[in-house]
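>>> Sequence below, structure please.
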Amino acid sequence: MSEYAVAGSGSGLRRASARLGILLAAACAFLAGGMSGPSPASGQSYSVTGAQTFQTLLPGQGNAQCFTLTITNTLVPLTLQSVRFTNKTLGAPGTPQAQLDAELGQPRLYLDRDGSATFQPGADSPSLSQATASGGILLFSGLSVAVPALGTVRLFVVTDIPTAVRDGDNLDLSIQAASDLTFNAGVATNA
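Numbering: from 1, shown residues only. Take a look at the predicted model:
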């Protein structure tokens, strides 16, 4: 697994990105990066990293782990309310954004409930949210994911690769800025 992270504290935003791999048959590539920033209303910091494993996926493959998102928090408990990915999928020249969005299928967001750092359908179920990309955005909202003080939470984006995905297309998700994650200072439970 490849990872690239930037951690920091204070009021400045630090962001870095690296293209980590291309999934060949269903052709997925996910941009993973790291960022950090102040937590809401507290001045404390958190860091967010993204990771993916190079893999080959076939059209119709189920439960494909596409992206791992890790949030590490300091001092004040936070609750993740939403996370927004930008769909940077690459297809044939002139492919409409609606078709590129459809190639993501209906991704689901899962919490790493067993702490294994690997998506396991039985252990990490049920999903927290399911979304469909639209207009180049994949938004998981209505979340209530507790990120404890001095704790880490890991989330997985998992999808069933649609059978209509063209071989050679590069499915690509990224988090562009700290504002793509919405937090609320306070405690929730990850039940």
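>>> In contact with residue 71, which residues?
Contacts here follow CB atoms under 8 Å, 6 or more residues apart in numbering; on that basis residue 71 touches 46, 47, 48, 78, 80, 147, 152, 153, 154, 155, 181. To be clear about C-beta, it is placed using only N, CA and C from the backbone, and glycine gets the same treatment.
>>> got any ranges where this structure has weak pLDDT?
Counting by pLDDT under 70, the chain has low-confidence residues at 1-44, 53-54, 167, 186-191.
>>> All the helices of the protein, residue numbers only.
Using DSSP state H, the helices assigned to the chain run over residues 97-102, 121-124.
>>> Pick the most deeply packed of these.
Mean neighbours per residue, mean count of other CB atoms under 10 Å, is largest over the helices of the chain for helix 97-102, with a mean of 16.
>>> now for it, which elements pack on it?
Under the contact definition 3 or more CB pairs under 8 Å, 6 or more residues apart in numbering; DSSP states H and E, helix 97-102 sits against strand 78-87.
>>> Just grab the bridge partners of residue 87 for me.
Beta bridges link residue 87 to residue 173, judged by DSSP bridges.
>>> What degree of burial does it show, as a neighbour count?
Close neighbours of residue 87, defined as other CB atoms under 10 Å, add up to 19.
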